[in-house]
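Peer 1: can't give you the sequence, but here's the structure:
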């Protein structure tokens, strides 16, 4: 191969690596923001007003999680995670949904290997609770 082709390949590889690093950094920073937002947050649905709640968590205008749920007489009767951004292959959305289904509660443990994604979901739940039920 000629020197020019090698330089082009090196430049493209460098740019690709830089893009990957920027994406990782943004994901990490979003995770830190979510972690700080949910630090110590323990939702108690038995104390929530009846109604339908909707919340989301976004970072730099990029929505990472959207969730809606309904509370009736202090019980979770329905929920939907419409968006949950995470590392592909870790199955965080499945782990979060499984825990919510099993516990019938919005208080769940972080999915193994997907703490950041779990915090996105918790941040959306906290946002929904802070906004209150839709009227």
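Peer 2: That came in fine, so what should we check first? Remember, it's a predicted structure, so these values are computed and weren't measured experimentally.
Peer 1: What count of nearby residues applies to residue 126?
Peer 2: The number of residues packed around residue 126, counting by other CB atoms under 10 Å, is 18. Any C-beta I mention is one placed from the backbone N, CA and C, and that applies to glycine too.
Peer 1: actually residue 29, not the one I typed
Peer 2: Neighbourhood size, residue 29 [other CB under 10 Å]: 12.
Peer 1: Give me the buried stretch members for the one helix or strand it maps to, please.
Peer 2: Per DSSP states H and E, residue 29 falls inside helix 3-38. By neighbour count with 16 or more other CB atoms under 10 Å, helix 3-38 contains the buried residues 27, 30-31, 33-35, 37-38.
Peer 1: Identify, from those, the entry nearest to residue 113.
Peer 2: Taking CB to CB as the measure, residue 31 is the one of the buried residues of helix 3-38 closest to residue 113, at 12.9 Å.
Peer 1: ok now do that closest one, which residues does it touch?
Peer 2: 115-116, 119-120 (CB atoms under 8 Å, 6 or more residues apart in numbering).
Peer 1: For residue 74, which non-adjacent residue is spatially closest?
Peer 2: residue 46 (4.0 Å; CB to CB, 6 or more residues apart in numbering).
Peer 1: what bits of the protein have low per-residue confidence?
Peer 2: Along the chain, segments meeting pLDDT under 70 span 1, 87-90, 135.
Peer 1: picking that back up, by neighbour count, which of the contacts of residue 31 wins?
Peer 2: Ranked by the number of neighbours (other CB under 10 Å), these place residue 120 first, at 36 neighbours.
Peer 1: if I pick that one, what's in contact with it?
Peer 2: Per CB under 8 Å, 6+ apart, neighbours of residue 120: 30-31, 34, 57, 64-65, 84-86.
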